[in-house]
Structure formats: structure tokens, C-alpha cells
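Enquirer: Attaching a predicted model along with its sequence, questions to come.
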Amino acid sequence: MIEKIYNDIIKETCLKYVCSSGTEVYMLPMKGWSTAVAQFTARFGSQDNAFVSDGRLIEIPDGTAHYLEHKLFESEEKDAFSLFAQTGASCNAGTSFDYTQYYFNCADNFRKNLEILLGFVSEPYFTEENVEKERGIIGQEITMYRDNPSWRVFTNLLEGIYVKNPVRLDIAGTAESIAKITPKTLTDCYNAFYSPSNMFLCAAGNIDPDEIVEICEEKIKKSKPFRVETADHDEPYEVNQKITRLSMPVSKPIFEIGFKRPAVYKEREIEDYIYFNILLDMLFGNASEFYEQMRVDGILNDEWSVTVFNGRGHFFLAARGESESPELVLEKMQELFNRNKKNPPERELFERVKKATYGSLVKEFANVRSVCNTLTEAVLSEVSPFCAIQTTASVSYEKLLEKLSDIDAENACISVVEPIGD
């Protein structure tokens, strides 16, 4: 039976169906759209480098989730890219810290494209030869990312913030870790993490829900219900280190700052995500007095952004930019956080930023890909598809001040990539 999840704020209905295989399906038909997007997601990311099976802790090489993503595009007959090319669809995949996703978007042939998507993800093909061939390709990818200053400033920040959480490790692993991956490694991880009950499908746009249900029941193989248990990491409250430095061929120092916070889950994760995004925008956003003054003083330039980085087991407030004085930027941010605890920002500013945040979330429901991303993010957080928009509609100034008072501005790390020779 298809369940209807209605939101009376934006007058939208998301449909939920649980397949006989255990796979959850979330669908949001959008009238007037000619395109459609589908995303098939496994709760298996780079931080899942150990899991419990039959009471036994099994450790796997770093980069295995990403390696597995690469290999699932290949079958004994033809790779998935070739199959999608024949239908005119655009397809791809990506591995994050806490999930792996396979997706396509199309203007027609949705049924055929969904059959291809579910088919190649459900039918792994690993041999000694094709696994070894992929090792060289992924090795080149690892080298490419390690030579990218923008990526290194981010990964170094994660290493600086986290002590035990595997989010501090590179998604693709290292040349040494991927050398340990074998067909058996991939098969064991596939059987554990790609169990139908550990996966879900989201679709939006020009779709027929009944058709999707029919295809899912036909293509997703039934198996014994199983939810893999990933290893728990007792992450300390404090950052691992206050600063990381790396010299690379850049013209000006680039930096990223992270204010570490305890991990939160479900509705609390969404709540903190909304409140802290609003707070960051108020204090440090592109329209803030802070940013304007830092530009006037020549400390910051156009390369500046603030956001919240969150996921399963990790949560921190982030700022990124270019500056000849990156540590001064951190110092100024810490000062402003602490000053606002004593002299809170104006309610009028809060209301203005709240409206802008709410407006951006509503706008996302006018874009097919954004809708599908919103559904996927909600499922990963184990909340309602409309949780973010409902939370934003009800945020209060008083609670924002509570969140502000809870920030430990000293529990921060700054990652700097500076020009060679500095």
C-alpha cells in the first residue's frame, strides 16, 4: 500500500511505499514537468570501514565503498553508461561519507531507465581481472584529488577536527588501502550493505508511482531482512588539533575553519542544521557587517562562504575563504561569537534571514533534482520529507539565542593551504 505524506505548508504530497524486499521508495510526482530524476541509495559510505556480522567485527580497507561504486557500473555484458546512453538519459554515481548513490535524469523512457538503474545495482560483477583494472583508475583519481588544493584544505580540516571518526579519512582511500581490496572484499561489503532493507529509492518529476512500484517489485530481489551494524566510534568532544598547514602551488592562502559540535540525529539534526545555518548567515554571511568590514580591511575577498557540515556521526560549523591572514579570520569569528552571546543580534535580522532561508527551501520544491535530493537527505536523517521546511517555519529567536550560547568558539580547527615557499 502506498502511504501519503502531506505537508499543509507548501501543499505537497510525498508518496511512500515499502517493497516486499524491504526497500523503501519515496516518490513526489510534479505536474507540468517533462523531466524525472531517480536516486537509488545504499547506506554505505567511506566512514563505514568496519561492521559487525554474526557478532564479529569485520574491518575493511579504507576506500572500499568508493571502489564498490566504481565496480557496480560494470556487468559481464555491458557497462551501465552504455545502457543509459541508448535511452538518452544522463546517469552517474557518487560516494559520500555515509552513503553511496546511483542516479539518472531523463526526459523520456523513465521505465526503461529505472529498470537499468535497479538492474545494475542489484547484479554485481566482480572478477580478479576487472577489480585489478579498476585499481589503477582509482589510484589515478586519488592522486588527482591529492593534487587539488581545494580538496586538500577540506580533508585536512576533517583530520584536524576528528580524532576517531573515519570521516577524517579520504573517501577514495589511499594507494596502500585500495591495494588490499579484493573481489571477496567487495562481495562481502555488497552482501552486507547492499541488502534491500539497507537501500532506498527516491524519484521526483514526471513519474507514475504505480509504475515505479511495479518495477521495484520486479527488479529488486527479495532477501532476508537485514540492517548492517556499523562500528561505533567514541569521538571526543575536543578537536584533534587546532591548525593544519600544507604548502601547495596556490597564489594565495586558502583556508577552511570548523567549529566542532557533538553529533546529533534525526529531528534534532535537522533542527540544529537550520538554526546554525541561520545563525552563520546572520553573523558571517555575504550580507553581514562582519564580511563587509573584512572586505574593506582587505582581509577577505569574494571567495567566502559559511555553511553547516553534517551527516551520520559528524556536525560542525564551517567557513571557507582566501586570505593572507587566515588565522586572523578565525580570531575575528571567535570574537564575534563570544560578543554576540553577551549582546545578541537583533530580532529583525533574525526574522529577515529566517524568511530568506524559508524561501530558499520552498524554491527547492520547484526543481526536480532538488526535490529528489531533499527526499534523499530526509531519508538518510530518518525524518519526514518535509521536516526541514516545517522546522524552518517554526524556528524562534529565543531558541536561536539558546543555540548561540551553546557554541564553544574555542573548539575549532583551521586548515590552511599556503603557497610554496611561504
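Expert: All right, it came through fine.
Enquirer: In the host helix or strand of Ile137, which residues are buried?
Expert: Assigned by DSSP states H and E, Ile137 falls within helix 128-146. Neighbour-count burial for helix 128-146 flags Val131, Glu134, Ile138, Gly139, Ile142 (criterion: 16 or more other Cβ atoms under 10 Å). The way it works is simple: take the backbone N, C-alpha and C, and place the C-beta from them, glycine included.
Enquirer: For these, work out which two are farthest apart.
Expert: The largest separation in those, counting by Cβ to Cβ, is between Val131 and Ile142 at 16.0 Å.
Enquirer: quick one: contacts of the helix holding Ile137?
Expert: Residues outside helix 128-146 that contact it (Cβ atoms under 8 Å, 6 or more residues apart in numbering): 63, 66-67, 70-71, 74, 151-152, 170, 172-175, 178-179, 181-183, 186.
Enquirer: switch the cut-off to 7 Å
Expert: 67, 70-71, 74, 151-152, 172-175, 178, 182-183, 186 (Cβ atoms under 7 Å, 6 or more residues apart in numbering).
Enquirer: next SSE after that helix?
Expert: Following helix 128-146 toward the C-terminus (DSSP H and E): helix 149-161.
Enquirer: which strands and helices sit next to that next one?
Expert: Identification of packing neighbours for helix 149-161 by 3 or more Cβ pairs under 7 Å, 6 or more residues apart in numbering; DSSP states H and E yields strand 243-248, strand 254-260, strand 412-419.
Enquirer: Just put those strands in CSV and tack on mean neighbour count.
Expert: Output for the helices and strands packed on helix 149-161, formatted as CSV (neighbours: other Cβ atoms under 10 Å):
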stretch, mean neighbour count
strand 243-248, 16
strand 254-260, 24
strand 412-419, 22
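Enquirer: For Cys14, which of the ones you listed is the nearest?
Expert: Counting by Cβ to Cβ, and looking across all of the helices and strands packed on helix 149-161, nearest comes strand 254-260 at 32.9 Å.
Enquirer: Dump the next helix or strand after the closest one to PDB, restricted to CA.
Expert: Next helix or strand after strand 254-260 toward the C-terminus (DSSP H and E): helix 266-284. Extracted in PDB, the C-alpha atoms of helix 266-284 (Å, rounded to 0.1, in the frame of the first residue of the first chain):
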ATOM      1  CA  LYS A 266      17.000  12.700  13.400                       C
ATOM      2  CA  GLU A 267      14.800  15.700  14.100                       C
ATOM      3  CA  ARG A 268      17.500  17.200  16.300                       C
ATOM      4  CA  GLU A 269      20.000  17.100  13.400                       C
ATOM      5  CA  ILE A 270      17.600  19.000  11.100                       C
ATOM      6  CA  GLU A 271      16.800  21.500  13.900                       C
ATOM      7  CA  ASP A 272      20.500  22.200  14.500                       C
ATOM      8  CA  TYR A 273      21.200  22.400  10.800                       C
ATOM      9  CA  ILE A 274      18.500  25.000  10.200                       C
ATOM     10  CA  TYR A 275      19.300  27.100  13.300                       C
ATOM     11  CA  PHE A 276      23.100  27.200  12.900                       C
ATOM     12  CA  ASN A 277      22.800  27.900   9.100                       C
ATOM     13  CA  ILE A 278      20.600  30.900  10.000                       C
ATOM     14  CA  LEU A 279      23.000  32.000  12.700                       C
ATOM     15  CA  LEU A 280      26.000  31.700  10.400                       C
ATOM     16  CA  ASP A 281      24.200  33.700   7.700                       C
ATOM     17  CA  MET A 282      23.300  36.400  10.200                       C
ATOM     18  CA  LEU A 283      26.800  36.800  11.700                       C
ATOM     19  CA  PHE A 284      29.100  35.900   8.800                       C
END
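Enquirer: I'm done for today, thanks for sticking with me.
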